[in-house]
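Undergrad: predicted model and sequence below, questions to follow.
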Amino acid sequence: MSDTPPFKLVRIHWLDAYSEGHWKDSTDEPREAPCVSVGLLVSETKKYVRLASTVGRTDEGKWETNATISIPRGMVERIETLEGGE
């Protein structure tokens, strides 16, 4: 049983939602909120890409994740595999 997690190390560039709590002109363009997240790519579906910053093994050898973020696929601009990932 390998101690190396079976997950790729990735960098995801994505756009987050942005909100403001003050009065604005209704014709103003919304501000973009670009984000970058780095972590282990633990799953991908049609709707989400999920990263974990920490993974570990149970006594039974199953991989568990902690400190995860699930990014809606429609907000993802690009995914880059980083060196050192699986």
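TA: Here it is on my side, so go on.
Undergrad: drop to CA atoms for contacts and neighbour counts, all remaining ones
TA: OK.
Undergrad: report the central residue of the chain.
TA: residue 51 (4.4 Å; C-alpha atoms, centre = their mean).
Undergrad: from residue 11, how far off is the closest residue to residue 14 other than its chain neighbours?
TA: Spatial nearest neighbour of residue 14, excluding adjacent residues (C-alpha to C-alpha, 6 or more residues apart in numbering): residue 76 at 4.3 Å. Going from residue 76 to residue 11 by C-alpha to C-alpha, to the nearest Å gives 11 Å.
Undergrad: joint contacts of the two?
TA: The overlap between the contact sets of residue 76 and residue 11 (C-alpha atoms under 8 Å, 6 or more residues apart in numbering) is empty.
Undergrad: do you know how far the residue nearest to residue 14 is from residue 13?
TA: Counting by C-alpha to C-alpha, the gap from residue 76 to residue 13 is 6 Å.
Undergrad: is the most far-flung residue of the chain relative to its centre in a helix, a strand, or coil?
TA: Distance from the C-alpha centroid of the chain peaks at residue 25, with 32.9 Å (C-alpha atoms, centre = their mean). Following DSSP: H, G, I helix; E, B strand; the rest coil, the label given to residue 25 is coil.
Undergrad: look up phi and psi at it.
TA: The phi and psi values for residue 25, taken as degrees, to the nearest 10, are phi -70, psi 130.
Undergrad: per-residue confidence for it?
TA: pLDDT recorded at residue 25 is 89.
Undergrad: same check, this time on residue 43
TA: 96.
Undergrad: the one 10 residues further on too?
TA: Predicted confidence (pLDDT) for residue 53: 96.
Undergrad: so which helix or strand takes in residue 4?
TA: Take DSSP states H and E as the rule and residue 4 turns out to sit in neither a helix nor a strand.
Undergrad: what about it, distance to residue 25?
TA: Taking C-alpha to C-alpha, one finds residue 4 at 53 Å from residue 25.
Undergrad: where does the chain dip in pLDDT?
TA: Scanning the chain for pLDDT under 70 picks out the ranges 1, 84-86.
Undergrad: can you give me the strands for it?
TA: Secondary structure of the chain (DSSP state E): strands at 8-15, 34-44, 48-57, 63-72, 76-81.
Undergrad: okay if I get those strands as CSV plus distance to residue 21?
TA: Below are the strands of the chain laid out as CSV (distance: least, C-alpha to C-alpha, whole Å):
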stretch, distance to residue 21
strand 8-15, 19
strand 34-44, 19
strand 48-57, 28
strand 63-72, 24
strand 76-81, 25
